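**Student:** one predicted model, sequence on top.
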Amino acid sequence: MRKYSILTKELPFYPPFNGFPIEGLKFLRNLKRNNNREWFKAHKSEYEEFVKLPMQSLVSDLKPLIHEFAPDFIVDPQKSIFRIYRDVRFSKDKSPYKTHIAAIFQPTKHWNDSASLYLHIEPGGIFLGGGMYMPGALHLKKFRNTLITNTDTFIKIINSADFKRYFSKIEGDRLKRVPIGFSNSHPLCEYLKLKQFYIGYELAESTCLKRNFINEVVFIFKKMMPFINFINSAIR
């Protein structure tokens with residue numbers, strides 16, 4: 001069994017990431033079957049040791065690698081990882097805990113309104129994402145206007161061999177019709193309908209159990225950056 005030392009407040013040291021522990025995936029599976037506060041309280045030490053700390057170690061080791069191609073992105077073991085607690089205020093599902101662990105990496109100066117990188121680990125599979133999931137009206141307008149003024153650049157990105165091989169298409173909800181003010185005959189008319197714009201890549205669950213999972217994450221994130229950079233340039 002892979003052993004991680006629990007962090008102390010006095011020494012924020014993260015052990016090297018040697019693979020996400022299989023015990024962590026087991027914990028998340030059990031949490032899905034026992035998603036209640038009593039069970040979580042009784043097993044919280046398992047969450048801290050086998051889920052939270054390994055994810056912090058992963059983010060810590062990713063930081064210098066991501067900064068090689070995205071130097072302005074926040075990659076922080078304390079700030080980048082999502083809390084395990086669900087916001088149930090506006091949800092019919094009142095389960096108090098998420099059954100996955102995830103992190104988001106965002107540009108420093110615009111962390112709350114930018115295209116970002118996303119890492120998601122849960123039993124059954126790994127998801128790597130990039131883009132904007134909930135762009136505001138102003139960002140949508142800027143993105144659509146940039147599609148018109150920089151059509152060739154966008155087409156070059158989505159037609160590149162890497163984009164077609166690893167992502168194939170842009171995901172997200174879209175309008176039924178081209179927005180008012182834009183032409184139905186524009187070569188990017190289908191992309192003008194987008195209300196969200198993100199891409200994703202899935203990996204097998206077993207991938208995260210190995211040390212070289214870091215290399216696979218970095219490899220895919222690099223492939224996402226032309227798309228990410230286009231969006232962030234468009235909405236600024």
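**Tutor:** Yep, it's here. Quick caveat, the model's predicted, so the values are computed rather than measured.
**Student:** okay, now Trp39: neighbour count?
**Tutor:** 14 (other C-beta atoms under 10 Å). Quick note: C-beta positions are derived from backbone N, CA and C, even for glycine.
**Student:** ok, now Lys26?
**Tutor:** 14.
**Student:** so the residue lying closest to Ala115 once chain neighbours are set aside, which of the three states?
**Tutor:** Spatial nearest neighbour of Ala115, excluding adjacent residues (C-beta to C-beta, 6 or more residues apart in numbering): Ile231 at 3.8 Å. Following DSSP: H, G, I helix; E, B strand; the rest coil, Ile231 is assigned to helix.
**Student:** what number of residues lie near Ile231?
**Tutor:** Around Ile231 there are 23 residues (other C-beta under 10 Å).
**Student:** most distant residue from the centre of the chain?
**Tutor:** Seen from the C-alpha centroid of the chain, the residue lying at the greatest distance (C-alpha atoms, centre = their mean) is Ser185, 33.5 Å away.
**Student:** look up how far Ile199 lies from it.
**Tutor:** For Ser185, the distance to Ile199 equals 26 Å [C-beta to C-beta, to the nearest Å].
**Student:** low-scoring stretches of the protein, by residue?
**Tutor:** For the chain, the stretches flagged by pLDDT under 70 are 1-11, 110-112.
**Student:** try 50
**Tutor:** Across the chain, the ranges flagged by pLDDT under 50 are 1-10.
**Student:** quick one: the strands in it?
**Tutor:** 73-74, 101-107, 116-122, 125-132, 197-203 (DSSP state E).
**Student:** make CSV out of those and add distance to Lys223.
**Tutor:** Formatted as CSV, the strands of the chain follow (distance: least, C-beta to C-beta, whole Å):
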stretch, distance to Lys223
strand 73-74, 15
strand 101-107, 15
strand 116-122, 11
strand 125-132, 9
strand 197-203, 8
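**Student:** how about stretch 220-236: buried residues?
**Tutor:** Neighbour counts over stretch 220-236 (16 or more other C-beta atoms under 10 Å) mark 220-221, 223-228, 230-232, 234-235 as buried.
**Student:** among those residues, which are located in helices?
**Tutor:** Within those, membership in helices is found for 220-221, 223-228, 230-232, 234-235, as judged by DSSP state H.
**Student:** and those residues, which is closest to Tyr14?
**Tutor:** The closest of those to Tyr14 turns out to be Phe221 (C-beta to C-beta; 19.5 Å).
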